[in-house]
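> Here is a sequence with its predicted model. Questions after.
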Amino acid sequence: AQRVTQPEKLLSVFKGAPVELKCNYSYSGSPELFWYVQYSRQRLQLLLRHISRESIKGFTADLNKGETSFHLKKPFAQEEDSAMYYCALKGTGTASKLTFGTGTRLQVTL
Amino acid sequence: KAGVTQTPRYLIKTRGQQVTLSCSPISGHRSVSWYQQTPGQGLQFLFEYFSETQRNKGNFPGRFSGRQFSNSRSEMNVSTLELGDSALYLCASSLGQGADGYTFGSGTRLTVV
């Protein structure tokens, strides 16, 4: 079975502070990991894929297979980063569906 | 190019009725997945279709069904509606195996009264 855990429902940080949204996963094979973001009144959209190792809007995420984690990080939070963030795992073969975590609401305050 | 389009945006149905939701994927995308989003359960996978074949199915009762047409458009049907089926139903499309990520539609908000 595949599982994604996001331990924090809400993360509140000040503008300019570092951000780390935690994501741990459980999967026996080699998963593909994603971060999705949902801004207020907007549709769910892809933020990052672990296979591309890219930085989007200043966010990065590194897959740590030893700790089975895929934490999302940003060195300096901006007000416009306030949103709901979902970590998702895609398995292989018959488990190729996307499994989402419960999400973390990031609130950036002045 | 146009994104993933879901119709209708809102629906109100009565318990016991059935409902059909529609999803048009991005042009060229052959995979369509459906998800149910609720405040209590979050995002839960319903099923995935690729080239008109159901490739994967989540843990939902048989009242939930879907299909995909030759133009990749997909429909989802829920029969004998229950109050607990009230949710936002999201459709997502991808090119193939989904490694490039999935593009989501705005969803259909279903309210069962």
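Nice, thanks for sending it over.
> For residue 84, the count of nearby residues, please.
I'll assume chain A. A:Met84: 15 surrounding residues under other Cβ atoms under 10 Å in any protein chain shown. Where C-beta positions appear, they are placed from N, C-alpha and C, glycine not excepted.
> wait, I meant chain B there
For B:Gly84, using other Cβ under 10 Å, the count is 10.
> repeat for the one 10 residues further on
Counted with other Cβ under 10 Å, residues neighbouring B:Ser94 total 24.
> Just grab the bridge partners of it for me.
With DSSP bridges applied, B:Ser94 shows beta-bridge pairing to B:Ser31.
> was I right about it contacting B:Tyr102?
Yes: B:Ser94 is within contact range of B:Tyr102, at 4.8 Å (criterion: Cβ atoms under 8 Å).
> Mutual contacts of these two, please.
Shared contacts of B:Ser94 and B:Tyr102, defined by Cβ atoms under 8 Å, 6 or more residues apart in numbering or on different chains, are found at B:31, B:33.
> Tell me the residues of chain B that contact chain A?
Within chain B, the positions adjacent to chain A are B:3, B:33, B:35, B:42-43, B:45, B:48, B:55-56, B:58, B:90, B:92, B:97-107 by Cβ under 8 Å from any Cβ of the partner chain.
> Give me the pLDDT for A:Tyr39.
A:Tyr39 is assigned 95 on the pLDDT scale.
> where's the residue sitting nearest the centre point of chain B, which helix or strand?
Chain B has B:Trp34 as the residue nearest its centroid, 3.3 Å off, counting by Cα atoms, centre = their mean. For B:Trp34, the host element (DSSP states H and E) is strand B:31-38.
> who does the helix or strand just after that strand touch, helix- and strand-wise?
Next in sequence after strand B:31-38, counting helices and strands by DSSP H and E, comes strand B:42-50. For strand B:42-50, the packing partners by 3 or more Cβ pairs under 8 Å, 6 or more residues apart in numbering or on different chains; DSSP states H and E come out as strand A:98-100, strand B:31-38, strand B:53-57, strand B:64-68, strand B:74-78.
> Kindly recompute the last result at 7 Å.
Other elements packing on strand B:42-50 under the criterion 3 or more Cβ pairs under 7 Å, 6 or more residues apart in numbering or on different chains; DSSP states H and E are strand A:98-100, strand B:31-38, strand B:53-57, strand B:64-68.
> Parallel or antiparallel, list what pairs with the shortest one.
Translated: strand A:98-100. The strands that strand A:98-100 pairs with in its sheet are strand A:83-90 (antiparallel) (by DSSP bridges).
> now the strand it pairs with, how far from the chain's geometric center?
On the basis of Cα atoms, centre = their mean, to the nearest Å, strand A:83-90 sits 5 Å off its chain's mean C-alpha point.
> same check, this time on stretch B:51-58
Counting by Cα atoms, centre = their mean, stretch B:51-58 comes out at 12 Å from the chain centroid.
> Now it: average pLDDT?
Averaged across stretch B:51-58, pLDDT comes to 90.
> hang on, the earlier thing: export the helices and strands packed on strand B:42-50 to JSON lines and append columns for distance to A:Ala17.
Below are the helices and strands packed on strand B:42-50 laid out as JSON lines (distance: least, Cβ to Cβ, whole Å):
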{"stretch": "strand A:98-100", "distance to A:Ala17": "26"}
{"stretch": "strand B:31-38", "distance to A:Ala17": "29"}
{"stretch": "strand B:53-57", "distance to A:Ala17": "40"}
{"stretch": "strand B:64-68", "distance to A:Ala17": "43"}
